[in-house]
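A.B. asks: sequence-free structure coming up:
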């Protein structure tokens, strides 16, 4: 599949779309430029992400990025999610090494957005929301 | 062949480009670019300062630009025109100086649901700071200002009515005479009407001496001029009574060790070295529009807007926002079912069609319309029927790409 087809496939049938009944952390991020809103909810089990769901209004880039993200992050520790997020940031801002990184799987389809910084913000929206949700989940466990 | 397009070097160099984002910023005719360059090549010096011929030449160019631009807006007294960086700075100037000295607890500040953030947020902020009440005049479902609601809101406690002349997001032309009538009848004397002219200055004939408003703000870059210059046109007595916005060089009369007195208007509001080069460019832009004739500009845009609205609305799944084209300036704001405006803009861009997608700096308006974002095509003097055709073709292409063939 071409990068555009991969993105459209995730856009039409996004994975893990919805909400979690009793999440450990939930966060919403807005993109004021284009009017996108994305909410990510997570549960943690023995230090690892055990479930993740997303919901909201976004363009195909934001939704596809969220869908691909949820496929990859279940089972990871928050630190591992952080490392992956850094790779995705590199990918959408034009790092050729990240674009060639096979471990990123379908996410590499997002490399095309490097040409338009506004779209890079769409691609990163779910990742930023996920980071916030994880921070909330970790905070909740400490208190 | 579109001859106007040839006047614009960027468009002439890119025959395939379909520029439909003039509501964000216009392209610049060669005459404007030449005027800026020519100023720096022949007359550049710091105006108002040097006792030498070149500085005098720069001063004269700057004054001539002020006079030309004031006359373009139907203003006989050029001192009523303050050059600023643009509409945003002009509106902040009024809110910060007039607002800070005239608003008090219990006063009412009214904006409308149509406002760009630049004529919404400064008033929201200054109202909160002065403990004044901030109110929003609502719109009708088809994106007109709800004059009945405005009538309901304006009271003897109303001190400010800040209102756009033309909505940047929908293109709605606000009937200013009706607004003026309501405010002057119902508000106490001394209430001010502040008009955001960013979207009317480029597209409509505006005769401010004949209009009973207090302030009018505009941006040069939306009306074929350079970025970084625009203006505030105010009532002389108000400008003279207002404190300065910024202090420094050029705006002073006498600087004592303890206190300072201010220069006369317009200089009181133009601290620092003026933007002479861009003023020369703005004067050339005004010449270009005047030679074309604003009624001609309006007719041209209205025709394109009507065709574009009709063609787009005929496509299943497309929703066009705002009142009928005759009541809008050259703006078509629309959504396409199942295609996010951002995706639409990216797909259109692949065929060289530039539209804006998003909230258009008008979040309060988009909340009321119940949409997260729209796509906006906006027309100007250099657009033609082929541009409308490219837009319609691009929208159909995007729909086809996003159509779910499997279901």
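C.D. replies: Arrived safely, thanks for sending. What you are looking at is a predicted structure, and each value in this text was computed from that prediction instead of being measured.
A.B. asks: what sits against the closest residue in space to residue B:23 that isn't next to it in sequence?
C.D. replies: Of all residues not flanking residue B:23 in the chain, residue B:378 sits nearest, at 3.5 Å (CB to CB, 6 or more residues apart in numbering or on different chains). Every residue, glycine included, has its C-beta placed from N, CA and C. Applying CB atoms under 8 Å, 6 or more residues apart in numbering or on different chains to residue B:378 gives the contacts B:20, B:21, B:22, B:23, B:24, B:171, B:330, B:331, B:332, B:356.
A.B. asks: roughly how far out does the helix or strand of chain A with the lowest mean pLDDT sit from the chain middle?
C.D. replies: Between all helices and strands in chain A, the lowest mean by mean pLDDT, DSSP states H and E belongs to helix A:96-99, at a mean of 88. Remark: helix A:96-99 is offset 18 Å from the chain centroid, using CA atoms, centre = their mean, to the nearest Å.
A.B. asks: contact partners of it?
C.D. replies: Residues contacting helix A:96-99 (CB under 8 Å, 6+ apart): A:87, A:88, A:90, A:91, A:104, A:108, A:111.
A.B. asks: In terms of helices and strands, where is the third one?
C.D. replies: For residue A:90, the element it lies in under DSSP states H and E is helix A:78-92.
A.B. asks: Tell me the helix or strand right after the helix or strand hosting residue A:43.
C.D. replies: In the assignment (DSSP H and E), residue A:43 maps to strand A:36-45. The helix or strand immediately downstream of strand A:36-45 is strand A:48-57, counting by DSSP H and E.
A.B. asks: What angle do helix A:78-92 and the helix or strand following that next one make with each other?
C.D. replies: Next helix or strand after strand A:48-57 toward the C-terminus (DSSP H and E): helix A:60-73. Angle of helix A:60-73 versus helix A:78-92, following axes from the mean of the first three to the mean of the last three CA atoms, to 10 degrees, is 140 degrees.
A.B. asks: Could you report the separation of the residue nearest to residue B:23 from chain A?
C.D. replies: Applying CB to the nearest CB, to the nearest Å, the value for residue B:378 to chain A is 17 Å.
A.B. asks: Next one, pLDDT for that residue please.
C.D. replies: Predicted confidence (pLDDT) at residue B:378: the value is 98.
A.B. asks: so which of the contacts of helix A:96-99 is the most crowded?
C.D. replies: Within these, neighbour counts (other CB atoms under 10 Å in any protein chain shown) peak at residue A:91, which reaches 26 neighbours.
A.B. asks: pretty sure that residue contacts residue A:103?
C.D. replies: No - using CB atoms under 8 Å, residue A:91 is not in contact with residue A:103; the gap is 11.3 Å.
A.B. asks: biggest helix in chain A, by residue count?
C.D. replies: Of all segments of type helix in chain A, defined using DSSP state H, the longest is helix A:117-142.
A.B. asks: which residues touch residue 6?
C.D. replies: Went with chain A since none was named. Contacts here follow CB under 8 Å, 6+ apart; on that basis residue A:6 touches A:64, A:106, A:109.
A.B. asks: My question was about chain B, not that one.
C.D. replies: Counting by CB under 8 Å, 6+ apart, residue B:6 has contacts residue B:12.
A.B. asks: Please tell me how far it sits from residue A:5.
C.D. replies: Taking CB to CB, to the nearest Å as the measure, residue B:6 falls 41 Å from residue A:5.
A.B. asks: same question, residue A:134
C.D. replies: Distance from residue A:134 to residue A:5, by CB to CB: 31 Å.
A.B. asks: more neighbours, those two?
C.D. replies: Shown here are residue A:134 and residue A:5; by other CB under 10 Å, residue A:134 has more neighbours (26 against 10).
A.B. asks: burial of the nearest residue to that one once chain neighbours are set aside, as a residue count?
C.D. replies: Once flanking residues are discounted, residue A:134 sits nearest to residue A:78: 4.8 Å by CB to CB, 6+ apart. Residue A:78 has 20 neighbours, counted by other CB under 10 Å.
A.B. asks: Just list the residues touching residue A:78, thanks.
C.D. replies: For residue A:78, the contacting residues are A:44, A:47, A:49, A:134, A:138, by CB under 8 Å, 6+ apart.
A.B. asks: and the closest residue in space to the second one that isn't next to it in sequence, what does it touch?
C.D. replies: Ranked by CB to CB, 6+ apart and with sequence neighbours excluded, the top spatial neighbour of residue A:47 is residue A:77, at 5.7 Å. Shown in contact with residue A:77 (CB under 8 Å, 6+ apart): A:47, A:48, A:49.
A.B. asks: Can you name the residues bridging to the last one?
C.D. replies: Legend: beta-bridge partners of residue A:49 under DSSP bridges are residue A:44.
A.B. asks: Next, count neighbours for it.
C.D. replies: By the criterion of other CB under 10 Å, residue A:49 has 23 neighbours.
A.B. asks: Does it touch residue A:131 like I think?
C.D. replies: No - the pair residue A:49 and residue A:131 does not pass the contact test of CB under 8 Å, sitting 11.8 Å apart.
A.B. asks: Between these two, which contacts overlap?
C.D. replies: Contact criterion CB under 8 Å, 6+ apart; residues shared by residue A:49 and residue A:131: residue A:81.
A.B. asks: For chain A, which residues are neighbours of chain B?
C.D. replies: By the rule CB under 8 Å from any CB of the partner chain, the part of chain A lying against chain B is A:4, A:8, A:11-12, A:32-37, A:57-61, A:116, A:118-119, A:122.
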